[in-house]
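Peer 1: what shape does this take:
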Amino acid sequence: MAHVVILGCGTGGMPAAYEMKHALGRKHEVTVVHYTDIFQFVPSNPWVAVGWRTRKDITFPIAPRLKKKGINFIPVPCTEIKPDDNQLVLSDGQVVDYDYLIIATGPKLAFEEVEGTGPKGHTHSVCTVDHAEAAYERWQEFVKEPGPIVVGAVQGASCFGPAYEFAFIMDADLRKRKIRNKVPMTFVTSEPYIGHLGLGGVGDSKGMLESDLRHRHMNWICNAKVTKVEAGKMFVDEHNSAGEVIKQHELPFGFSMMLPAFKGQDAVAALGDDLCNPRGFVKVDQYQRNPKWNNIYSVGVCIAIPPVEATPVATGTPKTGYMIESMVTATVHNIKNVIDGKEPDQNATWNAICLADMGDTGAAFVALPQIPPRNVAWFKKGKWVHLAKIAFEKYFIRKMKTGNSEPLYEKHILGVLGIKKLIR
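Peer 2: Have a look, this model is predicted:
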């Protein structure tokens, strides 16, 4: 009997648990180790931060769902990975032995890299439901005494979509309250241009997103490096295409949300170059395996992917939901192959497909492949995307609650929305 352990139970880890158990059946054991006993649907956090959703809407207890599928669950943080011994050491002293390990921890949020950022500093975040709830507490105070807003993503960030989403969601919420006229907004990003998205742009993302920012009266600063943040003030160096500082900004704000750069989680990054790149992200081959320890696989935001291109200010490459789902499915098939005495043969399709809410409208993009030149570069916007993201939120959470092992993005986003024809 083989024992597959999945470290992490988020957007990648929970589907991996369901798919792995479905593939292996009762003959083999699947265990999930996670730092908490709650699942959260991270894409909904921007809505939580303005009060359009609550914690109850987007979270649920993990244990009863996994138990129903015959999957073991240990809600204790992992403090050490011992790959030569095939063991995890947990914070309460437990030692978990594994035959195969899937690392799906997600990232560590590197707020410390920019002085004054993060919930312990002077800016907010929508990266976790806890952060989003803290942002909403401040938002409720802010709308009573509105002032300037600064929103965006700092240098080294790799997930730009939620920054745009939250900017537009705040704009929509302020318009509903009829106080948008009292709130100057500035979008600050390390991207070389609006709509770069860490992907070198997708279709006419530059023109369309610039148009939306203008239409909603938002200023922007690109090639931006945030040097520090003080209470009510952000210091930003603006660079040219050669990476030289051309202007320094002092931006006052009454509310700010800045996405941080990501790093690998401590227990993962601690293994150094054999497992990870310098940022602590797991190195994998075409089969999602680590090159040194072939019984360690990794999926999701925690894997190492090089930037799409060099940019004047550092930017990373996003890992979207469809891409993560593809990694999960490939990993499950490859581990099953090895258990059955075969060779791994499944490669993930690292294509970027995303739905982004914009408050009362939305934008959808497809980049096939992720790195240009592409076979497909498709970017559309409209009310239908806003409605589609709401529908997908309910669909995904329901399927995670019921233990569905189907490819959810393939079935819903590509199939229901008619995008599937683009990837054929």
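Peer 1: okay, CA-based contacts and neighbour counts for the rest of this
Peer 2: OK.
Peer 1: in the stretch 201-350 of the chain, which spans are strands?
Peer 2: 218-221, 224-230, 233-239, 245-252, 255-259, 262-263, 296-298 (DSSP state E, counting those that start in this stretch).
Peer 1: in TSV, list the ones you listed along with mean neighbour count, distance to I62 and mean pLDDT.
Peer 2: Listed next are the strands of the stretch 201-350 of the chain as TSV, based on neighbours: other Cα atoms under 10 Å; distance: least, Cα to Cα, whole Å; pLDDT from 0 to 100:
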stretch	mean neighbour count	distance to I62	mean pLDDT
strand 218-221	18	40	98
strand 224-230	21	37	98
strand 233-239	20	39	98
strand 245-252	14	42	98
strand 255-259	26	27	98
strand 262-263	22	25	98
strand 296-298	27	21	98
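Peer 1: show me where the stretch 251-400 of the chain has helices.
Peer 2: 266-269, 321-339, 383-402 (DSSP state H, counting those that start in this stretch).
Peer 1: now render the ones you listed as TSV, adding mean neighbour count, mean pLDDT and distance to A363.
Peer 2: As requested, those are exported to TSV (neighbours: other Cα atoms under 10 Å; pLDDT from 0 to 100; distance: least, Cα to Cα, whole Å):
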stretch	mean neighbour count	mean pLDDT	distance to A363
helix 266-269	19	98	34
helix 321-339	22	95	15
helix 383-402	16	90	6
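Peer 1: identify whichever of those lies nearest to Y136.
Peer 2: Y136 lies closest to helix 383-402 among the helices of the stretch 251-400 of the chain, at 19.6 Å (Cα to Cα).
Peer 1: picking that back up, export the helices of the stretch 251-400 of the chain to a markdown table and tack on distance to T123?
Peer 2: Conversion of those to a markdown table gives the following (distance: least, Cα to Cα, whole Å):
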| stretch | distance to T123 |
| --- | --- |
| helix 266-269 | 23 |
| helix 321-339 | 26 |
| helix 383-402 | 26 |
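Peer 1: show me the one of these that comes nearest G198.
Peer 2: Of all the helices of the stretch 251-400 of the chain, helix 321-339 comes closest under Cα to Cα, at 14.5 Å.
Peer 1: put the alpha carbons of the closest one into CSV.
Peer 2: C-alpha atoms of helix 321-339 as CSV (Å, rounded to 0.1, in the frame of the first residue of the first chain):
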residue,chain,number,x,y,z
GLY,A,321,-6.7,28.4,-11.5
TYR,A,322,-6.9,26.5,-14.8
MET,A,323,-3.1,26.1,-14.8
ILE,A,324,-3.2,24.8,-11.2
GLU,A,325,-6.0,22.4,-12.1
SER,A,326,-3.9,21.1,-15.0
MET,A,327,-0.9,20.6,-12.7
VAL,A,328,-3.0,18.6,-10.2
THR,A,329,-4.5,16.3,-12.9
ALA,A,330,-1.0,15.6,-14.4
THR,A,331,0.5,14.9,-10.9
VAL,A,332,-2.3,12.5,-9.9
HIS,A,333,-1.9,10.5,-13.2
ASN,A,334,1.9,10.5,-12.8
ILE,A,335,1.9,9.2,-9.2
LYS,A,336,-0.6,6.5,-10.1
ASN,A,337,1.6,5.5,-13.0
VAL,A,338,4.6,5.1,-10.8
ILE,A,339,2.6,3.2,-8.2
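Peer 1: checking T79 next. Helix, strand or coil?
Peer 2: Secondary structure assignment for T79 (DSSP: H, G, I helix; E, B strand; the rest coil): strand.
Peer 1: I'd say it and V89 touch.
Peer 2: Yes. Counting by Cα atoms under 8 Å, T79 touches V89, with 5.9 Å between them.
Peer 1: what is in contact with these two at once?
Peer 2: Residues touching both T79 and V89 by Cα atoms under 8 Å, 6 or more residues apart in numbering: none at all.
Peer 1: that older thread, Y322: which of the strands of the stretch 201-350 of the chain is closest?
Peer 2: strand 296-298 (15.5 Å).
Peer 1: what packs against that closest one?
Peer 2: Applying 3 or more Cα pairs under 8 Å, 6 or more residues apart in numbering; DSSP states H and E, we find strand 296-298 packed against strand 100-103.
Peer 1: strands paired with the helix or strand following the strand it packs on, and their directions?
Peer 2: Later in the chain than strand 100-103, the nearest helix or strand by DSSP states H and E is strand 108-109. Paired strands of strand 108-109, with direction, are strand 262-263 (antiparallel) (DSSP bridges).
Peer 1: report the distance from the strand it pairs with to the chain centre.
Peer 2: 11 Å (Cα atoms, centre = their mean, to the nearest Å).
Peer 1: ok, residues contacting that strand?
Peer 2: In contact with strand 262-263 (Cα under 8 Å, 6+ apart) are residues P107, K108, L109, A110, G156, A157, S158, R279, G280, F281, C302.
Peer 1: quick check: the fourth one vs G156, distance?
Peer 2: Spatial separation of A110 from G156 under the definition Cα to Cα, to the nearest Å is 10 Å.
Peer 1: what's the overlap in contacts for these two?
Peer 2: Here A110 and G156 have P260, A261, F262 as joint contacts, going by Cα under 8 Å, 6+ apart.
Peer 1: any chance of those residues in JSON lines, with distance to V328 too?
Peer 2: Converted to JSON lines, those look like this (distance: Cα to Cα, whole Å):
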{"residue": "P260", "distance to V328": "25"}
{"residue": "A261", "distance to V328": "24"}
{"residue": "F262", "distance to V328": "21"}
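Peer 1: if we can go back for a sec, between the helices of the stretch 251-400 of the chain, which one is nearest to M185?
Peer 2: helix 383-402 (21.8 Å).
Peer 1: show me what that closest one is packed up against.
Peer 2: Applying 3+ Cα pairs under 8 Å, 6+ apart, we find helix 383-402 packed against helix 63-68, strand 352-357, strand 362-368.
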